[in-house]
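*Asks:* Return a 3D structure for these sequence lines:
(2 chains, ligands or ions: 1)
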Amino acid sequence: MADFSWDVRSPLDRALVAGPYGAQGEAGVTLTEIRNFDLVQVMARRGKAGEMAKAAKTRFGVAAPDKPEAVGAADATLIWSGPDQFLVLSKGGKHTIEALGPIFAGSASLSDQSHARALISVSGEKARAMLAKLSSIDLHPDVFGVGAAAATSMDHTSVTLWRGADRGGQAAFNLLVFATFAESLWHTILDSAAEYGVTIGHSEEF
Amino acid sequence: MRITCPFCGERELGEFTYLGDAKPQRPVADAGEEAVYDYVYLRDNVAGVMSEHWYHSGGCRAWLKVTRNTLTHEISAVEPAAGAGAAKVGA
Ligand SMILES: [Zn+2]
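*Replies:* Next up, the predicted model:
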């Protein structure tokens, strides 16, 4: 048997070049890839949505989202991903699939998505203008406030989009995208953001 | 054309995939060849109000039953198809 040395790398490892990009001057868009997170998909079994919700409340201290929104718990974010299902985003190994398995035993099916998605945070003065080129979702603050979420598509790619806490007084949007589509969407985002000037980086902090 | 998904809200057509007529019901096991042939192959070519299945493929991935006028594209009702979102359908 051959020995394999698995090297965990971000799906954007090759595409992401930290630093300035596009128009010079003060950057209008900040792109930050968030790395090294735990992500678990929780889907209610048939007729067990109520039980799943109860288990989530006990575990996280907040009600799991039952409509498109992202709910902040003490050490996790619960993001709506479809009817009777949500994603648990956390870090530090507190809410891994192994930890959540017994919590949702009998009420929901779990699936580990930690290495299956890339997480991109988009902020800056021109974040909304840039996203408007890619998304048909109305992101105006009156409609899409902090905590609003959407299961939608950008550039024909399925994404989970939600508005997180503001960064530096500006709205911040989070994007979860399938790992194998991340590089493609990343390039589309860069093309869309170039005219505003971009600051690119990565972080392990949400 | 836009479809108001009962789970996601109003979305553009590009997020949806069309399946077709929502009327045909699977015949019982002993219904005979005619009934199965009809169910699998024969479709009405409706000019007017029609019940259709649509899939929110680029969104929440729920199957929807949409009542649409094929002449005007006017949509008069959208509801979750059986099995989509156990809580809403009542499973
Ligand atoms: Zn939907």
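*Asks:* quick one: the closest residue to residue A:206 other than its chain neighbours from residue A:80, how far?
*Replies:* Once flanking residues are discounted, residue A:206 sits nearest to residue A:34: 6.1 Å by C-beta to C-beta, 6 or more residues apart in numbering or on different chains. Every residue, glycine included, has its C-beta placed from N, CA and C. Using C-beta to C-beta, to the nearest Å, residue A:34 is found at 19 Å from residue A:80.
*Asks:* which one of the two has more residues nearby?
*Replies:* residue A:80 (26 against 20; other C-beta atoms under 10 Å in any protein chain shown).
*Asks:* what does the helix or strand where the more buried one lies rub up against?
*Replies:* Counting by DSSP states H and E, the element that carries residue A:80 is strand A:77-82. Applying C-beta atoms under 8 Å, 6 or more residues apart in numbering or on different chains, the contact partners of strand A:77-82 are A:41, A:56, A:60, A:62, A:64-71, A:86-90, A:149, A:151, A:160, A:162, A:164, A:176, A:206, B:7, B:59-62, B:85.
*Asks:* Listing request: residues of chain A with sub-threshold pLDDT.
*Replies:* A:1 (pLDDT under 70).
*Asks:* can you count the residues close to the residue in it positioned nearest to chain B?
*Replies:* Using C-beta to the nearest C-beta, the closest approach of chain A to chain B is made by residue A:83 at 2.7 Å. Number of residues near residue A:83 (other C-beta under 10 Å) recorded here: 26.
*Asks:* Could you list the domains of chain A?
*Replies:* Split into domains by automatic domain parsing, chain A comes to A:19-35+A:115-203, A:38-112.
*Asks:* can the shortest one be found next to the ion?
*Replies:* Right, domain A:38-112. No. Counting by C-beta under 5 Å from the ion, the ion is not contacted by domain A:38-112; separation bottoms out at 7.1 Å.
*Asks:* in chain A, what residue is nearest the ion?
*Replies:* residue A:151 (6.5 Å; C-beta to the ion).
*Asks:* Give the buried residues for the helix or strand that residue falls within.
*Replies:* Assessed by DSSP H and E, residue A:151 sits inside strand A:149-154. By neighbour count on 16 or more other C-beta atoms under 10 Å in any protein chain shown, the buried set for strand A:149-154 is A:149-154.
*Asks:* ok, then the element right after that strand?
*Replies:* That would be, after strand A:149-154 and using DSSP H and E, strand A:157-163.
*Asks:* can you give me the strands in chain A?
*Replies:* Secondary structure of chain A (DSSP state E): strands located at A:19-21, A:29-34, A:38-44, A:70-72, A:77-82, A:85-90, A:108-112, A:117-123, A:149-154, A:157-163, A:173-178, A:198-203.
*Asks:* Oops, could you answer that again for chain B instead?
*Replies:* Counting by DSSP E, the strands of chain B are B:2-5, B:9-12, B:17-21, B:49-55, B:63-69, B:75-80.
*Asks:* As JSON lines, these with mean pLDDT and mean neighbour count would be great.
*Replies:* JSON lines is the format used below for the strands of chain B (pLDDT from 0 to 100; neighbours: other C-beta atoms under 10 Å in any protein chain shown):
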{"stretch": "strand B:2-5", "mean pLDDT": "96", "mean neighbour count": "18"}
{"stretch": "strand B:9-12", "mean pLDDT": "96", "mean neighbour count": "16"}
{"stretch": "strand B:17-21", "mean pLDDT": "93", "mean neighbour count": "12"}
{"stretch": "strand B:49-55", "mean pLDDT": "96", "mean neighbour count": "17"}
{"stretch": "strand B:63-69", "mean pLDDT": "96", "mean neighbour count": "19"}
{"stretch": "strand B:75-80", "mean pLDDT": "95", "mean neighbour count": "15"}
